[in-house]
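Asks: need a structure here:
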Amino acid sequence: MYGFGTTLYQTNRIRFTRPPGNIEQPTIIGDPIVGEKVGCNPGLWENNTSQFQYQWMIDGEHIIEQTGNTYTISINDLGKPLSCEVTASNVYGITIVESRSVTVISPR
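Replies: Okay, here's the model as predicted:
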C-alpha cells in the first residue's frame, strides 16, 4: 500500500556569505609557442562569483600590463613556465588562484 502525504514547498532565498570558492583550477588554452596567442580559462567557481580579473605570469613573476584573458607569447618567454592568475570576486571578498604552468616552446 502506498501512503499519500502533502509536501509543502517554500521558496528560500539563497544567501552567499563567503568569498568565491574555486572548484576547478584555471587552465591555459592553446599551444604555448612563441608568437602564438593563448587564453586563460578561469575554471569553475562557487559562491556567486561575479567578476574575474587576469594576470599573466612568466617564471613565477607577474608580466607587467598583461591583465587580459589572452596573452601573445614573446621570444623572451622561451623555455620558461607560463601561467595565468585569476582573481575572482563577489561582494564578500576575493580569491586568487593560479593555473598550472606550461613551458613555452619555439615554433617548429
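Asks: can you count the residues close to residue 99?
Replies: Using other C-beta atoms under 10 Å, residue 99 is surrounded by 21 other residues. Yep, even glycine has a C-beta here, placed from its N, CA and C like the rest.
Asks: my guess is it meets residue 24, correct?
Replies: No. Residue 99 is not in contact with residue 24 according to C-beta atoms under 8 Å; the separation is 10.7 Å.
Asks: Overlap in contacts, the two.
Replies: residue 43 (C-beta atoms under 8 Å, 6 or more residues apart in numbering).
Asks: Tell me how far residue 72 lies from residue 82.
Replies: Separation of residue 72 from residue 82 (C-beta to C-beta, to the nearest Å): 11 Å.
Asks: Give me the more crowded residue out of these two.
Replies: residue 82 (21 against 13).
Asks: which other helices and strands contact the strand or helix carrying the more buried one?
Replies: For residue 82, the element it lies in under DSSP states H and E is strand 81-90. Strand 81-90 is packed against strand 27-29, strand 37-41, strand 51-58, strand 93-98, strand 102-103, with contacts defined by 3 or more C-beta pairs under 8 Å, 6 or more residues apart in numbering; DSSP states H and E.
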